[in-house]
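[1] predicted coordinates and the sequence they were generated for:
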Amino acid sequence: MKSLTFVSLSSLAALALGSIPVASVTGQSAGTSSAHPQTTAAAIDTVPPKTVIETPFTIQSGTLTLPGTLTLPAKYRHQIPVALIVAGSGPTDRNGNSAGALRAQNNSNLYAILAWQLANAGIASVRYDKRVLGDNLQKIDLASTSIDDFIADAIAGARRLVADRRFSKVILIGHSEGAELVLQAVNRGAPAAGIVMMSGAGRPIMPVLREQISKQLPPAEIVKWDSASARYLRGQDPGDVHPGLRPLLLPTNRKFMQSWVKYDPGVEIAKVKVPVLIVQGGRDIQISEADARALKAAQPAAKLVLIPAANHVFRAAASDDRMAQTKLYADPTIPVVPELTPAIVEWINKLR
């Protein structure tokens, strides 16, 4: 059993607050350049196409300034829709890539590619680095950070965009944990015309984690996990647990996990007052089709789009085998499934 493989690939909460050292993301993958570099075959999905313009964009959330990227069509017209793209769990940067030791395992560039494809369809977007990245990591106290802080960041981003007169309406797009964040954000007052939940859980996080772990470890290890995680959430020493699961039980992340376990996506989506689009892959080894259907059942007015071949980062997968899917997380030149962006664009264009 390769513990790093299952912790990083098949756990929504793995390294949720940077359980490994988090480095500032630099270079092209940081997505801060406004230039149009020459696109080569090897870099087809790692640099912006000439059809888009990218400029720095910041979001002020409390005392923090979150750096981001605004993506516009090269032939920009006034008053177009804009999407705020909210990242998933872990030390994930604005482009959908993980910093530090996970860089080689999660380098899908999903959010950047989505932003470029949206721009080509006439929809602007902003994607931003989470508060646990770069200079901001030195300004926060991880031990006192909760999921509410990440929700506040999404709310701040939505308010920044709704005040920008270049845009006609604001849509929140969240992936994985980000899908949960945008859902809570709108329920706490984030101004948005609608939300898109990509690969979002339909259950509280602990049942999701247990299901993921149970597919990869023997029953005896699951029993130890149940006891250890319960002690951890009560504020006690978790005790004996499989080495690969220890990053989920670090003292630094305790408050975050304690706040996350209280969140029930089914309850939240039932309360939402704006249109919702749920997009789910049939080959997702982290979140299941059952989660998407549970969200739909809790909010019948939501639109559900199932993409049978898509995995968690919306690449076409031939099977549900974790090891077989590894390259799909690591190679940004593998195309995003063609159904993803058109489904989002069509839904956004129908919003009032």
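    Received the coordinates, thanks.
[2] helix, strand or coil for Pro56?
    strand (DSSP: H, G, I helix; E, B strand; the rest coil).
[3] any idea what it is bridged to?
    Judged by DSSP bridges, the bridge partners of Pro56 are Thr69.
[4] pLDDT score for it?
    Pro56 is assigned a predicted lDDT (pLDDT) of 97.
[5] neighbours of it, how many?
    Using other C-beta atoms under 10 Å, Pro56 has 12 other residues around it. C-beta: built from backbone N, CA, C; applies to glycine.
[6] that one reaches Gly68, doesn't it?
    Yes. Counting by C-beta atoms under 8 Å, Pro56 does reach Gly68; the two are 7.4 Å apart.
[7] tell me how far Thr341 lies from Leu351.
    Look at Thr341 and Leu351: by C-beta to C-beta, to the nearest Å, they are 16 Å apart.
[8] sort out which residues of the helix or strand where Ile53 lies are buried, please.
    According to DSSP states H and E, Ile53 maps onto strand 52-61. Neighbour counts over strand 52-61 (16 or more other C-beta atoms under 10 Å) mark 52-54, 57, 59, 61 as buried.
[9] of the residues you listed, closest to Leu84?
    Minimum distance to Leu84 across the buried residues of strand 52-61 is 8.7 Å, recorded for Ile59 (C-beta to C-beta).
[10] and that closest one, what pLDDT?
    97.
[11] so the nearest residue in space to Leu233 that is not next to it in sequence is in which element?
    Spatial nearest neighbour of Leu233, excluding adjacent residues (C-beta to C-beta, 6 or more residues apart in numbering): Gln258 at 5.8 Å. Assigned by DSSP H and E, Gln258 falls within helix 254-260.
[12] who are the packing partners of that helix?
    helix 147-162, helix 219-233 (3 or more C-beta pairs under 8 Å, 6 or more residues apart in numbering; DSSP states H and E).
[13] most tightly packed of the ones you listed?
    When the helices and strands packed on helix 254-260 are scored by mean count of other C-beta atoms under 10 Å, the highest mean neighbour count falls to helix 147-162 (a mean of 22).
[14] mind exporting it as PDB, just the C-alpha atoms?
    Output in PDB follows, covering the C-alpha atoms of helix 147-162 (Å, rounded to 0.1, in the frame of the first residue of the first chain):
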ATOM      1  CA  ILE A 147     -13.900  26.200   6.900                       C
ATOM      2  CA  ASP A 148     -15.700  29.500   7.600                       C
ATOM      3  CA  ASP A 149     -12.500  31.400   6.600                       C
ATOM      4  CA  PHE A 150     -12.600  29.800   3.100                       C
ATOM      5  CA  ILE A 151     -16.300  30.500   2.800                       C
ATOM      6  CA  ALA A 152     -15.600  34.100   3.700                       C
ATOM      7  CA  ASP A 153     -13.000  34.300   0.900                       C
ATOM      8  CA  ALA A 154     -15.600  33.100  -1.600                       C
ATOM      9  CA  ILE A 155     -18.100  35.600  -0.400                       C
ATOM     10  CA  ALA A 156     -15.500  38.400  -0.600                       C
ATOM     11  CA  GLY A 157     -14.700  37.400  -4.200                       C
ATOM     12  CA  ALA A 158     -18.400  37.400  -5.200                       C
ATOM     13  CA  ARG A 159     -18.900  40.900  -3.700                       C
ATOM     14  CA  ARG A 160     -15.800  42.200  -5.500                       C
ATOM     15  CA  LEU A 161     -17.100  40.900  -8.800                       C
ATOM     16  CA  VAL A 162     -20.700  42.100  -8.400                       C
END
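[15] residues in contact with that helix?
    59-62, 64, 66, 68, 82, 84, 86, 126, 128, 130-131, 140, 167, 170, 172, 174, 178, 181-182, 184-185, 188-192, 256, 259-260, 263 (C-beta atoms under 8 Å, 6 or more residues apart in numbering).
[16] now a ChimeraX select for only the buried ones of those.
    In ChimeraX syntax, the buried subset of the contacts of helix 147-162 is picked out as below (16+ other C-beta under 10 Å):
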select :59,61,64,66,68,82,84,86,126,128,130,131,140,167,170,172,174,178,181,182,184,185,190,191,192,256,259,260,263
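[17] what about the contacts of helix 147-162, which are in strands?
    59-61, 64, 66, 68, 82, 84, 86, 126, 128, 167, 170, 172, 174 (DSSP state E).
[18] adding mean pLDDT, write the helices and strands packed on helix 254-260 out as JSON lines.
    As requested, the helices and strands packed on helix 254-260 are exported to JSON lines (pLDDT from 0 to 100):
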{"stretch": "helix 147-162", "mean pLDDT": "97"}
{"stretch": "helix 219-233", "mean pLDDT": "96"}
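[19] let me have these in JSON lines, extended by distance to Ile113.
    Shown next, in JSON lines, are the helices and strands packed on helix 254-260 (distance: least, C-beta to C-beta, whole Å):
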{"stretch": "helix 147-162", "distance to Ile113": "20"}
{"stretch": "helix 219-233", "distance to Ile113": "35"}
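[20] to Ser199, which of those helices lies closest?
    helix 147-162 (16.5 Å).
[21] angle of the closest one against strand 52-61?
    130 degrees (axes from the mean of the first three to the mean of the last three C-alpha atoms, to 10 degrees).
[22] out of the helices and strands packed on helix 254-260, which is closest to Ile334?
    Comparing the helices and strands packed on helix 254-260 by C-beta to C-beta, helix 147-162 comes nearest, at 28.0 Å.
[23] check the offset of that closest one from the chain's centre.
    Helix 147-162 has its C-alpha centroid displaced from the chain centroid by 14 Å (C-alpha atoms, centre = their mean, to the nearest Å).
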